[in-house]
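A.B. asks: with the input below, show me the fold.
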Amino acid sequence: MIPAGYMAKRVADRDDWLKADGVVDIYSVSGCMSDYFDTYYFEYWKHNGHWLFDSPEIITELAGDNSIDIAGVKFFYYEIYEHEFHEDDMGWHRYDPDRTFGENVKVPDKKKLEGYDVATFMCGATPECSPLSCNGLAEEIETNQHCLIDSFERAKQCLEDGLFNNSEPGPYRIFAVYSFE
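C.D. replies: Coordinates of the predicted model:
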């Protein structure tokens, strides 16, 4: 896993349509259910090659400079697996961030692993969907209270076993999701 960056999100509670009783809220990396602090954050061109931010301070500064209300958001730190999974050949392929953008991710001193999310990247830039929450796969794949898989090995195995196939167009990338102080 390599440092990918930060995002501030408005964490959503589990919707009633998602029949995964153990899920309380959604810590997904995509913005489908738990919105990003700003829907069009990428238009400010402050993100890195993973389409996240190198530090929480960049997000806070961007929000202040652009009158974006970040009251009530939760900040997350992410790491990403160096390979992405392609369901067409059921194989892992090297993933590299967009080198157009600089990258200098500041790793938090204290971080707490919340779990692992799998996100789709059909267009290759921002995380498009997190099928565990967006497509309800948490009803079939065991997740924790934040709709995340508890181990990297399990997330990887679920992909290799085809449990994410046909949920959303891939490729799929695995993220470690952290809260931090």
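A.B. asks: in the protein, which spans are strands?
C.D. replies: Residue ranges of the strands in the chain, as given by DSSP state E, are 2-10, 12-13, 25-26, 35-36, 74-86, 91-94, 111-120, 172-180.
A.B. asks: format those as TSV; extra columns: mean pLDDT, distance to T100 and mean neighbour count.
C.D. replies: (C-beta placed from N, C-alpha, C; glycine too.) What follows is the strands of the chain, written out as TSV (pLDDT from 0 to 100; distance: least, Cβ to Cβ, whole Å; neighbours: other Cβ atoms under 10 Å):
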stretch	mean pLDDT	distance to T100	mean neighbour count
strand 2-10	95	15	21
strand 12-13	89	31	14
strand 25-26	94	30	20
strand 35-36	86	20	16
strand 74-86	96	17	20
strand 91-94	93	18	11
strand 111-120	96	20	21
strand 172-180	96	18	22
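A.B. asks: any low-confidence regions in this protein?
C.D. replies: Within the chain, the segments meeting pLDDT under 70 span 124.
A.B. asks: which of the strands of the chain sits closest to H50?
C.D. replies: Distances from H50 to each of the strands of the chain were compared by Cβ to Cβ, and the smallest falls on strand 2-10, at 4.2 Å.
A.B. asks: list every C-alpha atom in the closest one, with coordinates, as CSV.
C.D. replies: Coordinates of each C-alpha in strand 2-10 appear next as CSV, following Å, rounded to 0.1, in the frame of the first residue of the first chain:
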residue,chain,number,x,y,z
ILE,A,2,1.3,3.4,-0.9
PRO,A,3,0.2,6.8,0.6
ALA,A,4,-2.6,8.2,-1.6
GLY,A,5,-3.9,11.3,0.3
TYR,A,6,-6.7,12.9,2.1
MET,A,7,-10.4,13.7,1.6
ALA,A,8,-13.0,15.5,3.7
LYS,A,9,-16.4,13.9,3.5
ARG,A,10,-19.9,14.3,4.8
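A.B. asks: I'd like to know which elements it is packed against.
C.D. replies: Contacting strand 2-10 under the criterion 3 or more Cβ pairs under 8 Å, 6 or more residues apart in numbering; DSSP states H and E are the following elements: strand 35-36, helix 56-65, strand 74-86.
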